[in-house]
Structure formats: C-alpha cells, structure tokens
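> Sequence first, predicted model second:
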Amino acid sequence: MKKVIPALTVALASASILAACGSNTDSSTSDDNQTEVYTSTFATAAIAREIGGDQVNVKMIVPPGADPHSYEPTSKQLTEIAKGDLFLLTGTTLEPYSKKIQESLKGTDVRFVETSKDVHLLESDATLHAHAEDGHDDHATDEHAYEEDGHDHGKYDPHVWLDPVNAKAMARSITTALSKEVPKEKATFEKNLKSFDQQADALDKEFKQAVTDGSKKELLVTHAAYGYLAERYGFTQLPIAGISPSDEPSQKQLAALVKEARMHDLKYVAFEETVSPKVARVIQKEIGAESVTIHNLESVTKAQQNSSYFKLMEENVATLKQALQ
C-alpha cells in the first residue's frame, strides 16, 4: 500500500548515503492496494511471494549477482523503502546495513521483521569444515583463514533458508507479518502457508533420499553457504571460500582441501552462478573435477529473478544427486 513519506525523512535518508550510486531496486509499478514488501535476499523475497501472492509487491534491494554480505543500500533505495509497508530481514548477520536503514527510516510506518526468529542458528565456525591433515585437526591453526578480507561476518551462519525446515519457519514469520498488515487477507495467507509447508515437506524428503542414495558424504562448494543443508541431511560441505564469498582461504587451507578432495575421490565442484572465485577453478583443474551448478539463493542472476524458491531448490536436489553419487 503506497504511503506518504515525511519530507524530513527523505532528506535524512538521502544525506545518509549521498555518495552512493544509483538504485538497483526493482522500480516496477504496482497496484496501490498491494502491500509493499522489501527484502535483502532472493530466498526471503521468493518465500514472501509464495505466501503473499497477488496481495504483495515484493522487491529485493540487492541487485542480481551482488553480494548481500557487503551490499550497501543507496539513498534512492532508502527513499523508496520508506514508502513501503514491510522490510523482511533474515535476522542474522547477513544485513549489517539493517540498523542504518532503521535509523534512517525512523518516523515512517515501515515495519521490520526478522524472519529467522524461530530458527535454531548455527555458529559460523561450526559450519566451516576443519580439514584433517596428517592425523590431526588444522582448525586450531587455520581458524582465521577465511578472514583475509578484514570483515567480521558475525557469529552465525546466515544461510538459514537452504534447509527446507527452516524455510517453513521463515514462511510462518512472513505469514504472521502479512496477516498483521492486511488482516482481511489472513485466511488467504494461511492457505498459502499450508501449500508452502506441503511443498517444503516434499522437498525435505527428496534431499534425504538424495543424500541416502549417494556414495559420497562430502560436497566441494565454492563458498560456505551450505552448512544448514549439510547439518540437516548428514553430509559435509568442503568450502573453498568462507561464509562470505570474499573470505578467501589461506594457502595451507587450499593444500589441505585439495588433499581431502583427492582422499574422498571427489569428482565434482559445485559452482554458484553468482560466485565463481578463480581459486575454485584452480582446485577444479588440480583434482580433475567436473563442475555442477548449485544455488545459494541469497543472490541470483538477472534471469532467475522470477524463479520460485522451490524451482531452484529442486535443482539443488539434482545437483546433490550427481555430486554425491
């Protein structure tokens, strides 16, 4: 639902990030009766569309292919968000700019919702595999190997949505938020939630089967986005980059990763369309592996902007079947 934004708020928002470049927010027109929803990740946007249907106009502020871990909203985006109704956050450490947005938009009616509030968060260190070398654990000496970009990416792994069970919890939070915003459509939102849950349950079974049927229990991936998926279904992610794609590994860790990949006879490296570090290609060549595609759903390509959560997750099931065979 379109809102009138106080002039002072617009001025403050513009001044706060005056030097930023032009907005990448989807500026397509929408029905004035639709609830205006902004999100930071593709996954949150996709789930919101599943629940809200025609009642919502969902816009992701991070442009296609950009890294949500390091993205900064522009002044124009702040002005647009201020006219909206909801801003859906993951509620983890993925959106370091969220406090800046909330401070800039004080005095507006925008409601900020943490969609992962009912999710058990995994600590970042717990989702990063410690490479074993010569019979002992290298984690003690390499625990900061993924911090070479100088940024603190927080205590928790933010990629909660890649576990379908967590996605159901996020969908419930979004349903509650939308029902408060548009009470007359509560029954519609709850009906959509029921459908989402059924699809998520089916997806859960497919992931379980894919891992059960596989002969491998290790997945070599470009960055450490798959900790929740690995925890749920009982495989180990071997990430080349850290929690953020910009967190590059040390030379010692790379050597250990190559050694472990050979030890497990891994024949595939799972690449993301939006994350393709050169070092991953080096490792692929070094171990003679083929490439497969996996989706992190935090960011997508321009061509995937209108894809559904379930479409991309089904493709991830197919990738696991191939990579773990």
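Received, thanks.

> C-alpha from now on. contacts and neighbour counts both.
Noted.

> any idea how far E114 lies from G65?
The spacing between E114 and G65, counted by C-alpha to C-alpha, to the nearest Å, is 23 Å.

> I'd say A280 and P245 touch.
No. Between A280 and P245 there is no contact under C-alpha atoms under 8 Å: 11.1 Å.

> Common neighbours of those two, please.
Common neighbours of A280 and P245, counting by C-alpha atoms under 8 Å, 6 or more residues apart in numbering, are T222.

> Quick check on T35: phi, psi?
For T35, the backbone dihedrals are phi -80, psi 130 (criterion: degrees, to the nearest 10).

> For it, give me its contacts.
M1, K2, Q55, V56, N57, G84, D85, L86, E181, V182.

> Can you tell me how far it is from V58?
8 Å.

> Which is the succeeding secondary structure element to the helix or strand harbouring Y38?
Here Y38 sits within strand 35-39, counting by DSSP states H and E. Moving toward the C-terminus from strand 35-39, the next helix or strand (DSSP H and E) is helix 42-52.

> Who are the packing partners of that next one?
Under the contact definition 3 or more C-alpha pairs under 8 Å, 6 or more residues apart in numbering; DSSP states H and E, helix 42-52 sits against strand 56-60, helix 164-181, helix 186-213, helix 309-323.

> Could you single out the most deeply buried of those?
Of all the helices and strands packed on helix 42-52, strand 56-60 carries the top mean neighbour count, a mean of 23, counting by mean count of other C-alpha atoms under 10 Å.

> which helices and strands sit right next to it?
strand 35-39, helix 42-52.

> avg pLDDT for the next helix-or-strand element following it?
Proceeding N to C from strand 56-60, the next assigned helix or strand is helix 75-81, under DSSP H and E. Averaging pLDDT along helix 75-81 yields 92.

> Output the contacting helices and strands for the helix or strand encompassing S291.
Using DSSP H and E, the element containing S291 is strand 290-293. Contacts defined by 3+ C-alpha pairs under 8 Å, 6+ apart place strand 290-293 against strand 268-271, helix 309-323.

> and the angle from the strand holding Y38 to helix 42-52?
Strand 35-39 and helix 42-52 are oriented at 160 degrees to each other (axes from the mean of the first three to the mean of the last three C-alpha atoms, to 10 degrees).

> for strand 35-39, the distance to its chain's centre please.
Relative to its parent chain, strand 35-39 has a centroid offset of 17 Å by C-alpha atoms, centre = their mean, to the nearest Å.

> What pairs with it, parallel or antiparallel?
If you go by DSSP bridges, strand 35-39 pairs up with strand 56-60 (parallel), strand 86-89 (parallel).

> Same list as before, those that is, but in CSV and with mean pLDDT included.
Below are these laid out as CSV (pLDDT from 0 to 100):
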stretch, mean pLDDT
strand 56-60, 96
strand 86-89, 96
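
> Okay, buried residues for stretch 285-298 please.
Neighbour counts using 16 or more other C-alpha atoms under 10 Å place I287, A289, S291, V292, T293, I294, H295, N296, L297, E298 of stretch 285-298 among the buried residues.

> so can I have CSV of those residues showing pLDDT and distance to R172?
Shown next, in CSV, are the buried residues of stretch 285-298 (pLDDT from 0 to 100; distance: C-alpha to C-alpha, whole Å):
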residue, pLDDT, distance to R172
I287, 96, 43
A289, 97, 40
S291, 96, 35
V292, 97, 32
T293, 96, 29
I294, 97, 26
H295, 96, 23
N296, 95, 21
L297, 96, 19
E298, 92, 19
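
> need the residues you listed in a markdown table with distance to E314, can you?
Formatted as a markdown table, these follow (distance: C-alpha to C-alpha, whole Å):
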| residue | distance to E314 |
| --- | --- |
| I287 | 27 |
| A289 | 23 |
| S291 | 18 |
| V292 | 14 |
| T293 | 12 |
| I294 | 10 |
| H295 | 10 |
| N296 | 12 |
| L297 | 12 |
| E298 | 16 |
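
> and which of the residues you listed is nearest to R49?
Set against R49, the nearest of those by C-alpha to C-alpha is L297 (14.3 Å).

> residues near T41, how many?
By the criterion of other C-alpha atoms under 10 Å, T41 has 27 neighbours.

> Do you know the pLDDT at it?
Predicted confidence (pLDDT) for T41: 93.

> how close does it sit to V182?
T41 is 23 Å from V182, by C-alpha to C-alpha.

> got the contact list for P164?
Counting by C-alpha under 8 Å, 6+ apart, P164 makes contact with A200, D201, L203, D204.
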